[in-house]
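Q: My questions concern the predicted model and sequence given below.
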Amino acid sequence: MGHVDFSDLKMKVVAISAIELLKSFMHLSGGELAAADKVELAWKVGIHLTFVLSGVLFVLMDWPSEEHKSH
């Protein structure tokens, strides 16, 4: 097993979240959704957006430090 750094771990978490969200959307039936299904799907979308937003914020925070190291 290789070395996993923080950026690799962030990408893996977002990818796993996206796959789980995609599986949830694929399991939707063509009919009406039960209230519990809507709530569960809303939570999954919210959690995924939180992971994506935090990943973007981490990149933005790392960006100035990377520019400083190159100079």
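A: The structure has been received and is ready for your questions. Residues are numbered from 1 along each chain as shown.
Q: Quick check: buried residues in the longest helix along the chain?
A: Counting residues, the longest helix found in the chain (DSSP state H) is helix 35-70. Buried residues in helix 35-70, counted by 16 or more other Cβ atoms under 10 Å: Leu41, Lys44, His48, Phe51. Backbone N, C-alpha and C define where each C-beta goes, glycine included.
Q: Pipe those residues into a markdown table and attach distance to Ile19 per row.
A: A markdown table is the format used below for the buried residues of helix 35-70 (distance: Cβ to Cβ, whole Å):
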| residue | distance to Ile19 |
| --- | --- |
| Leu41 | 15 |
| Lys44 | 11 |
| His48 | 10 |
| Phe51 | 12 |
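Q: what's the closest non-adjacent residue to the spatially most central residue of the chain?
A: For the chain, the residue nearest the mean C-alpha position is Val14 (3.1 Å; Cα atoms, centre = their mean). Using Cβ to Cβ, 6 or more residues apart in numbering and skipping residues adjacent in sequence, the residue nearest Val14 is Phe51, 5.0 Å away.
Q: Which neighbouring residues are in contact with the one you found, exactly?
A: Residues in contact with Phe51 (Cβ atoms under 8 Å, 6 or more residues apart in numbering) are Val13, Val14, Ser17.
Q: Take those and keep only those in strands.
A: Among the contacts of Phe51, DSSP state E puts none in strands.
Q: and which of those is nearest to Phe6?
A: Val13 (10.7 Å; Cβ to Cβ).
Q: where in this protein is pLDDT low?
A: For the chain, the stretches with pLDDT under 70 are 1, 29-31, 67-71.
Q: ok so, going back, and the contacts of Phe51, which of them are in helices?
A: If you go by DSSP H, the contacts of Phe51 have Val13, Val14, Ser17 in helices.
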